[in-house]
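Asker: coords please:
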Amino acid sequence: MFHTPPALKHRRYRLMWIGLLISVIGSQMQIAAIHWQIRELTGVPNPLALGGIGLARFLPVVVFSLVGGAVADTWNRRWIIFIAESIMAIVAVILAYLTFKGTITIWLIYLLTAIQASALAFDLPARQAMIPNIVSREDLPNAFSMTSIAANTAAIVGPALGGIVIATLGQGYTYLINALSFLALLAALLMIGPVPQDPTKASGVSLSAMADGMRFILSKPMILSTMVMDFFATFFASANTMMPIVARDILHVGEIGYGWLVSAESIGSLTAGLVISQIHIIRKQGPVFLWSVVVFGGATILFGLSNIFIMAIIMLMVIGAADTVSTIIRNTIRQLQTPDHFRGRMTSINQIFFQGGPQLGEVEAGIVAQLFGVPFAIISGGVGTILAVWFILRKWPQLRTYDGSEPQITAVPAD
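Answerer: Presented below is the predicted three-dimensional model:
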């Protein structure tokens, strides 16, 4: 029998969850729309042009993530999120305006995407570090499961709705709707009110504080190993920007079919997230984490081999489900084993791994696809993911036996 997830019983988390769900629907609509618009602007299949958007998202992460983490550990996390989300909303308005005027170019898309990614480099560390401040320790794994559900529900609705909006109203309206969707999260942040965090050990925003964050990660094998695994898996198996080419030139479907292809991975993710949200304790977390990455790589290989629409949809759903299982486990490990005054910096360093992996992976996929074709780029990525699991196990064999009962840091009590 379905029961209300424990994390949603916390008022402040519930407000943030609802606002995040609405906001990310708009953001996912925009991501899918940008990929489609680049394919339209090039006029022909151009994997390098699509791969370039990954570079535009990744470079700001490298430049600003460590600073963003130190800021999240020093200043008010709620207001950091508010300012960053406001900047992203303004960028969406600019994208809509330029598209309506017919003056949008690929280089302007790259520039505006980089600005949004810069804001996200401050937003994400503050947002993830704030979750243990508004949810009790025992409900934290459930909170990450619910956050995954929100993200994946949005990733289903957003691209599917985006395909319909592009086909019926036009490209510019996808950006305009995204700009409006940010209002939900901004309102939620105002309604949440003050959020307690531990300022007593904050090191300020300095190179020394950033270095302390790096030293902390290097001293925690379980956290470091999951970060490295995250990077390699997403680097090798990232070909989302190739989806317009898969849709138009391999599977021969239009805007709406493209929207469902982009959404399929999140349908699997949402299903897995709902199942995990009903599980109170996940046992044998290390083996479950490792096998989920292996399944992720195997399904990627089968997706690359697919030339039938329904088969591609099924494989993408399996990819999404496996990714969600690994995401929930690794996020729980990291947050519970990190003190509050390090959470922003830990998340910012992790952001380099989990943002850098897929974004650099999109560039790598674009280059490989340009040289050897899109199917080869996807298949080789799946093979690389499975080899990464073997490498990580050789380096950190303790992942085999990790079960979640190891000593953990106590989260700040929530209301």
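
Asker: Ile378 against Phe236, yeah?
Answerer: No. With contact defined as Cβ atoms under 8 Å, Ile378 does not count as touching Phe236 (9.9 Å). Heads up, the C-betas are built off the backbone N, CA and C, glycines and all.

Asker: give the contact list for Asn331.
Answerer: Gln128, Phe144 (Cβ atoms under 8 Å, 6 or more residues apart in numbering).

Asker: name the element it belongs to?
Answerer: helix 309-336 (DSSP states H and E).

Asker: ok, now Ile378?
Answerer: Here Ile378 is assigned to helix 374-395, by DSSP H and E.

Asker: show me the contact partners of that helix.
Answerer: So helix 374-395 is contacted by 47, 225, 228-229, 232-233, 235-239, 242, 245-246, 249-250, 290, 293-294, 296-305, 361, 365-366, 368-369, 399-400 (Cβ under 8 Å, 6+ apart).

Asker: what subset of the residues you listed is buried?
Answerer: For the contacts of helix 374-395, a burial check counting by 16 or more other Cβ atoms under 10 Å picks out 47, 225, 228-229, 232-233, 235-239, 242, 245-246, 250, 290, 293-294, 296-304, 361, 365-366, 368-369, 399.

Asker: got the contact list for Arg14?
Answerer: Ala7, Leu8.

Asker: give me phi/psi at it?
Answerer: phi -60, psi -40 (degrees, to the nearest 10).

Asker: please tell me I have it right and Ile104 contacts Gln37.
Answerer: Yes. Counting by Cβ under 8 Å, Gln37 is a contact partner of Ile104 at 7.3 Å.

Asker: out of the helices and strands in the protein, which is least certain?
Answerer: Lowest mean confidence among the helices and strands of the chain (mean pLDDT, DSSP states H and E): helix 340-372, at a mean of 73.

Asker: which positions within the helix or strand where Ala32 lies qualify as buried?
Answerer: Using DSSP H and E, Ala32 sits within helix 11-42. Of all the residues in helix 11-42, those buried under the rule 16+ other Cβ under 10 Å are 12-39.

Asker: show me where pLDDT drops low in the stretch 201-350 of the chain?
Answerer: For the stretch 201-350 of the chain, applying pLDDT under 70 flags the ranges 201-206, 237-241, 278-283, 340.

Asker: show me where it has its helices.
Answerer: With helices called from DSSP state H, counting those that start in this stretch, the stretch 201-350 of the chain shows them at 207-218, 221-236, 243-245, 255-277, 285-305, 309-336, 340-372.

Asker: return the set of buried residues in the fourth one.
Answerer: Read that as helix 255-277. By neighbour count on 16+ other Cβ under 10 Å, the buried set for helix 255-277 is 255, 257-274, 276-277.
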